[in-house]
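S.K.: task: produce atomic coordinates for the following.
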Amino acid sequence: MVKVINSVDEVSEELKKAFERYGYKVNNKGYVERIYSMKIQNIKDVKTFLKVVNECEGDVTLTSVYGDKYNLKSTLTQYVAIAALVGEHGDELELWCSNKNDEKKFLQMFNDHPEML
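M.R.: As a prediction, this is how the structure comes out:
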């Protein structure tokens, strides 16, 4: 990780969005971290999917092709995101994990449930 600023307060929203566009984020200590992502489709076992989300330590975000971002750590947002998952564009979503270990949890889930791919 590379420290880019002394305070997160110094980071403008525009700069945060620029980092996110390229798969990075500025953490609360001012360090830039890689965000891990994967394309997802055909999530029919919503209960298992949300169980993995709730086990994650870092941020988990679902992004649509229209630029909509759903923070899956929020219970309310989970309902909206699930509608997108099972809706018309459920095969055009990207899952982002801020923690590499969380990404491994999803990969294990897909390995255990190949019908989700």
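
S.K.: pop the domain breakdown of the chain in here.
M.R.: 1-34, 35-116 (automatic domain parsing).

S.K.: so for the last one, what's the average pLDDT?
M.R.: The one in question is domain 35-116. What domain 35-116 shows for mean pLDDT is 84.

S.K.: could you do stretch 15-31 as well?
M.R.: Per-residue scores along stretch 15-31 average to 71.

S.K.: report the buried residues of it.
M.R.: Phe19, Glu20, Tyr24, Lys25, Val26, Gly30 (16 or more other Cβ atoms under 10 Å). Bear in mind the C-beta positions are built from the backbone N, C-alpha and C, glycine included.

S.K.: in JSON lines, list these along with distance to Asp102 and secondary structure.
M.R.: Formatted as JSON lines, the buried residues of stretch 15-31 follow (distance: Cβ to Cβ, whole Å; DSSP: H, G, I helix; E, B strand; the rest coil):
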{"residue": "Phe19", "distance to Asp102": "19", "secondary structure": "helix"}
{"residue": "Glu20", "distance to Asp102": "17", "secondary structure": "helix"}
{"residue": "Tyr24", "distance to Asp102": "16", "secondary structure": "strand"}
{"residue": "Lys25", "distance to Asp102": "14", "secondary structure": "strand"}
{"residue": "Val26", "distance to Asp102": "18", "secondary structure": "strand"}
{"residue": "Gly30", "distance to Asp102": "22", "secondary structure": "coil"}
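
S.K.: fine by me, we can end here.
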